[in-house]
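Novice: give me a model of this one.
(one chain, ligands or ions: 2)
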Amino acid sequence: MNFDTLSQTVPILLVDDRPENLIVLEGLLSDQGYELIKALSGNEALHMALKQDFALVLLDVLMPVMDGFETAELLRANPKTRHIPIIFVTAVMKDSQFKGYDVGAIDYLMKPIEPLILRSKVRIFAELFQQRRELEMHRQHLAEMVDRRTAELQQAYAELQNSNEQLVKRDKEKGVLLKEIHHRVKNNMQVISSLLNLQAKCITDQTVRAMFEESRNRISSMALIHEKLYHSADLASVDFKEYLRSLVAGVATTYRRRDVVLSINMEPVALDVHSAIPCGLIVNELVSNSLKHAFPAGRQGAITIGLTRNSAGNYLLTVTDNGIGFPADQDFRNSQSLGLQLVIMLTEQLHGTVKLLSDQTRVEGSRFTVTFPGASAKKGDRNG
Ligand SMILES: Nc1ncnc2c1ncn2[C@@H]1O[C@H](COP(=O)(O)OP(=O)(O)O)[C@@H](O)[C@H]1O
Ligand SMILES: [Mg+2]
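Specialist: Ligands and ions are numbered 1, 2, ... in the order given. Model prediction:
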């Protein structure tokens, strides 16, 4: 670091009412490289000290109008000049020595002046002045650096805050948009469902009508997911137990089996949209099948739906009925009908496995189980 201090001159104020004394002082100090400023009175000295800083004042004691002591007192009284060191130059020793210290002198020199003593005393103050000046420059440089750094940090902070606000805003907008989309998808599906309903009214064939009913239920299962997503806090997952309640209520209305008790046996669980839709459609198929096939001719019974998650994070979905049981001569995996084909396809979509437990000798009715991994296990496959 170079502050160029040494190239700066050291100003020294010489005060004496007699020009010849000033010339003597000047002569003794002229080869030392100082900037020597002369004043012929205390008044002039004060005036100059206010205009510029000095490393030292060499102050004559005996002067007319305002003597050296008065001048020193006034220099001490002013905050601008208080710090300037004063050396009295006097011919009268005893008194002035004490009085001089009282008014703030740092040292004194006796007349006639001894050149060696004068020079060495002045040099000490010149060096002090240089150091003070250097320190001040360091301080200023540091203050500037701190100011600059503070400004930089403030700017960076402001930018960060700004982009954060933008992100929050964008996030909010996305949320609103997503909500809107769920709402519209649900509405559109409801429209499709209504259209199918209107058309079904004109169909006299019971089998074809039933097919329309089934299609309507499938669409409703999906519409319901979007309705639940619309109301969910994170817009990406649904309370699946709550969803199943609505779903089952809808399916029960279609088949009107008051003699079959439907129950949901599970803890509340949040399923993300990618699992919830296939899972909901599977439940729709299996519960519809139980209502449709397991309890013929007024047979009473119960259907239970369960969903649990094991320690490995896999889900286990079960749909159980205590009906007549799945036909022993049929392989549910090779069904020619749409319902079970859908169950198999949707299970594949979940990267899961489906099993059927239906053995009339050991178990009453049928139990379908679908095991599928939790969200984290199939993350890379969201668009699939
Ligand atoms: N829970 C069940 N209890 C008894 N039989 C069932 C059950 N689920 C399915 N089935 C049998 O499997 C067949 C295929 O079902 P599915 O593929 O859903 O077609 P659909 O329901 O249109 O007949 C049914 O026709 C029925 O014979
Ligand atoms: Mg079916």
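Novice: flag every residue of the stretch 151-300 of the chain that's near ligand 1.
Specialist: By Cβ under 6 Å from any ligand atom, the part of the stretch 151-300 of the chain that sits against ligand 1 consists of 285, 289, 290, 292, 293, 294. Every C-beta, even on glycine, is put in place using the N, C-alpha and C of the backbone.
Novice: cutoff 8 Å now
Specialist: Residues of the stretch 151-300 of the chain lying close to ligand 1 by Cβ under 8 Å from any ligand atom are 211, 214, 285, 286, 288, 289, 290, 292, 293, 294.
Novice: could you report the pLDDT at the fifth one?
Specialist: The score at residue 288 is 97. That number is its pLDDT.
Novice: so where does it fall, helix or strand?
Specialist: Using DSSP states H and E, residue 288 sits in helix 273-289.
Novice: so that helix, near ligand 2 or not?
Specialist: Yes: applying Cβ under 5 Å from the ion, one finds that helix 273-289 is in contact with ligand 2 at residue 289.
Novice: alpha carbons of that helix, as CSV, please.
Specialist: This file holds the C-alpha atoms of helix 273-289, laid out as CSV (Å, rounded to 0.1, in the frame of the first residue of the first chain):
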residue,chain,number,x,y,z
VAL,A,273,-51.8,-37.7,-8.1
HIS,A,274,-49.8,-40.3,-10.1
SER,A,275,-50.7,-43.1,-7.7
ALA,A,276,-54.1,-41.8,-6.8
ILE,A,277,-55.7,-42.0,-10.2
PRO,A,278,-54.8,-45.6,-11.1
CYS,A,279,-55.4,-46.7,-7.6
GLY,A,280,-58.8,-45.1,-7.6
LEU,A,281,-59.7,-46.7,-10.9
ILE,A,282,-58.7,-50.2,-9.5
VAL,A,283,-60.8,-49.8,-6.5
ASN,A,284,-63.7,-48.7,-8.7
GLU,A,285,-63.4,-51.9,-10.8
LEU,A,286,-62.9,-54.3,-7.9
VAL,A,287,-65.8,-52.8,-5.8
SER,A,288,-68.0,-52.7,-8.8
ASN,A,289,-67.2,-56.4,-9.5
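Novice: which SSE is immediately downstream of that helix?
Specialist: In N-to-C order, the element after helix 273-289 by DSSP H and E is strand 301-309.
Novice: ok and the lengthiest helix in the chain relative to helix 273-289, angle-wise?
Specialist: Looking across the chain with DSSP state H, the single longest helix is helix 115-200. Comparing the axes of helix 115-200 and helix 273-289 via axes from the mean of the first three to the mean of the last three Cα atoms, to 10 degrees yields an angle of 20 degrees.
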